[in-house]
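Trainee: Give me a 3D structure for the following:
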Amino acid sequence: MSRWKAAAVHLAISFCIGLTLAGFLALTWYPPEYAWAMGGLGLLLILAAVDVCVGPLLTLVAWDTKKPNLRFDMAVIVLLQLAALGYGLYAIFQSRPVYAVFAGDRFQLLTAPDVPDAEGEHVKYAELRSLPVAGPKIIAAKPPSNESDRTTLMIAKAMGGAEYFNLPRYFVPYAELAAEAAGKARPIAALSQRGGEASETLSAFLRERKLESAQVGYLPLQGKAHNLTVLLDKATGEVLDIVAIDPR
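Mentor: Predicted coordinates:
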C-alpha cells in the first residue's frame with residue numbers, strides 16, 4: 001500500500017468517526033440551536049477538522065512499508081489521535097450547555113461553568129442537584145423571597161457575582177412556573193411580520209403543529225453569542241420548540 005493510499009484510508013476512518021461523534025453531540029450535549037446560541041459551532045468544527053486531519057497527515061509522513069518499526073509508528077499515531085480526541089471531548093463536555101432557565105420575562109442559557117457546583121445541599125429538588133449529562137434541560141428559577149437574600153444577591157451582583165438564575169438553590173422544575181411564562185409570552189405576530197427566514201420558520205412550525213398563531217407565544221432565550229426564540233403554548237406555558245430566530 002502506498003503512503004497516499006494509507007493516508008486516504010486513515011482519513012476515511014477518521015472522517016467516519018468524526019461524523020459519528022458530531023451526530024452524538026448534536027443529539028446530546030450540543031443540540032444545533034444551543035450550539036449556535038453559544039457560538040460554539042466554529043469551535044466544534046475546528047476540533048473535528050483537527051482530529052480528522054492530523055492523524056492522516058502523520059500517516060502520510062510516516063508511512064513506509066520498508067520500515068521495520070512501521071507498526072509501532074502507526075500505533076503511536078493512533079494513540080496520539082485518540083488522546084487528542086479524548087481531550088477535545090472532555091473540554092467540550094466541561095463547557096456544554098446544561099439549562100435553559102426561565103427567569104422573569106425570558107430564558108437564560110447556562111453552561112456547566114455558569115452553575116456553581118457547591119450548592120447541592122441547598123437545592124430543594126433532588127433532580128436539580130447535579131448537572132444534566134444527557135443534554136440541556138428546560139427549568140425555571142425563583143428569585144429569593146426574603147429581603148436578606150435579595151440584598152445579599154444585589155451586593156454579590158454589584159461585585160461581579162452570579163445572578164439568582166445561576167444558583168441551583170433557586171432552581172425549580174419548569175412546570176412550577178409554566179403558567180407565569182405563559183402570561184409573559186409575547187404574540188408571535190411581531191416576529192412573523194419581519195418576513196424572510198423568521199416568517200418562513202414560524203409558518204412552517206404552525207403548519208407542522210396544526211396550530212393558529214393566536215395559540216402560540218414566544219419569549220427570548222439569551223445565549224452567549226446569539227439569542228434564540230422559545231415558542232410557548234399560550235394557554236399552558238408548555239415549551240413547544242426553540243428556534244434560531246433572534247427576537248430582538
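
Trainee: Please work out which residues outside the helix-or-strand element of the chain with minimal mean pLDDT touch it.
Mentor: Lowest mean confidence among the helices and strands of the chain (mean pLDDT, DSSP states H and E): helix 147-158, at a mean of 77. Contact with helix 147-158 is made by 143-144, 161-164, as judged by CB atoms under 8 Å, 6 or more residues apart in numbering. The C-beta positions use only the backbone N, C-alpha and C, and glycine is treated the same way.

Trainee: Look at stretch 223-235 and report the distance between its end residues.
Mentor: End-to-end distance of stretch 223-235 (CA to CA, to the nearest Å): 26 Å.

Trainee: all helices of this protein, in order?
Mentor: Ranges of helices within the chain are 3-27, 32-38, 41-62, 70-94, 147-158, 178-184, 189-192, 196-209, based on DSSP state H.

Trainee: quick one: contacts for Gly160?
Mentor: By CB under 8 Å, 6+ apart, Gly160 lies in contact with nothing.

Trainee: Now it. Its backbone dihedrals?
Mentor: Backbone torsions for Gly160, taken as degrees, to the nearest 10, come to phi 90, psi 20.

Trainee: what's the spacing between the residue of the chain positioned farthest from its centre and Ala198?
Mentor: Among residues of the chain, the one most distant from the C-alpha centroid is Lys66; the distance is 47.8 Å, by CA atoms, centre = their mean. Lys66 sits at a distance of 61 Å from Ala198 (criterion: CB to CB, to the nearest Å).

Trainee: same thing with Lys157?
Mentor: 33 Å.

Trainee: more neighbours, these two?
Mentor: Legend: neighbour count by other CB atoms under 10 Å for Lys157 and Ala198, higher for Ala198 (20 against 12).

Trainee: if I pick the nearest residue to that one once chain neighbours are set aside, what's in contact with it?
Mentor: Sequence neighbours aside, Ile245 is the residue nearest to Ala198 in space, at 4.8 Å (criterion: CB to CB, 6 or more residues apart in numbering). The contact partners of Ile245, by CB under 8 Å, 6+ apart, come to 191, 197-198, 201-202, 228-229.

Trainee: rerun that using 7 Å as the cut-off
Mentor: Under the criterion of CB atoms under 7 Å, 6 or more residues apart in numbering, the contact list for Ile245 reads 191, 198, 201, 229.

Trainee: Mind putting these into JSON lines with distance to Ala112 and pLDDT?
Mentor: Rendered in JSON lines, the data for the contacts of Ile245 read as follows (distance: CB to CB, whole Å; pLDDT from 0 to 100):
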{"residue": "Leu191", "distance to Ala112": "30", "pLDDT": "88"}
{"residue": "Ala198", "distance to Ala112": "30", "pLDDT": "89"}
{"residue": "Thr201", "distance to Ala112": "29", "pLDDT": "92"}
{"residue": "Thr229", "distance to Ala112": "24", "pLDDT": "96"}
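
Trainee: No further queries at this time; thank you.
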